[in-house]
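just need the structure, nothing else, for what follows:
(chains A and B)
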Amino acid sequence: RKEVEQDPGPFNVPEGATVAFNCTYSNSASQSFFWYRQDCRKEPKLLMSVYSSGNEDGRFTAQLNRASQYISLLIRDSKLSDSATYLCVVRTSGSARQLTFGSGTQLTVLP
Amino acid sequence: GAVVSQHPSRVICKSGTSVKIECRSLDFQATTMFWYRQFPKQSLMLMATSNEGSKATYEQGVEKDKFLINHASLTLSTLTVTSAHPEDSSFYICSATVGEVLDGYTFGSGTRLTVV
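Prediction:
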């Protein structure tokens, strides 16, 4: 079983749609959680951290369920520019050596 | 915010040659730099962690004699792929931090290596 699992997609949605991505992690000692966005042939860029109470940044909402070891990302009112691969990233300690990346979920927003 | 510069962005080399990739922290001194590799449609995989002035720590399965890492200053780490082969073709990405970072990490722009 992979340490961080994501549905690879692809998700093809029309502009304005709401789309949700799920991620599960296997290590219960995981401490920090992130969603990154990676455009084709580019480096990952931090989209948002995920906090236990859930957090929102504009059209993006992240949720964490520690009991189920489950993380989600909700994108509302999708834009064409949201097309990218979304990476779920988990850290098991304070060190970046313990960063584990999911393989990503590909999103294409269609006009 | 922290900026990490990586060079070159793209390189094509012949099998058997060596390629050097540079990672620089532009506006901060990075005590630790990380090197990742990403194959198409796969996760980023940590290859090694380098600390300024000391030897790099390699992850299991990564050959330290093939992937030479030098972190000679607080702003520069280099990864040299020695005697490159086609199976080394990949996207190499670095990340740099100052001490422990409580929030997300900043990555270099990546280097796409193609070995022919």
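
for B:Ile69, which non-adjacent residue is spatially closest?
B:Ala56 (4.0 Å; CB to CB, 6 or more residues apart in numbering or on different chains). Backbone N, C-alpha and C define where each C-beta goes, glycine included.

quick check: phi and psi on that neighbour?
phi -70, psi 150 (degrees, to the nearest 10).

tell me how many other residues surround it.
Other residues lying near B:Ala56 total 21 when counted by other CB atoms under 10 Å in any protein chain shown.

B:Arg37 contacts B:Ala48, doesn't it?
No - using CB atoms under 8 Å, B:Arg37 is not in contact with B:Ala48, being 9.8 Å away.

tell me the contacts of the closest residue to A:Asp7 other than its chain neighbours?
What sits nearest to A:Asp7 in space, not counting adjacent residues and going by CB to CB, 6+ apart, is A:Thr105, at 5.6 Å. A:Thr105 sits next to A:6-9, A:11, A:21, A:85-86, A:88 when contact means CB atoms under 8 Å, 6 or more residues apart in numbering or on different chains.

ranges for the strands of chain A?
A:4-6, A:11-14, A:19-25, A:32-38, A:44-50, A:55-57, A:60-65, A:70-75, A:84-91, A:99-101, A:105-110 (DSSP state E).

and of the ones you listed, who's closest to B:Val116?
Checking the strands of chain A against B:Val116 by CB to CB gives strand A:32-38 as the closest, at 25.5 Å.

and that closest one, which strands flank it?
Note on strand A:32-38: by DSSP bridges, its sheet partners are strand A:44-50 (antiparallel), strand A:84-91 (antiparallel).
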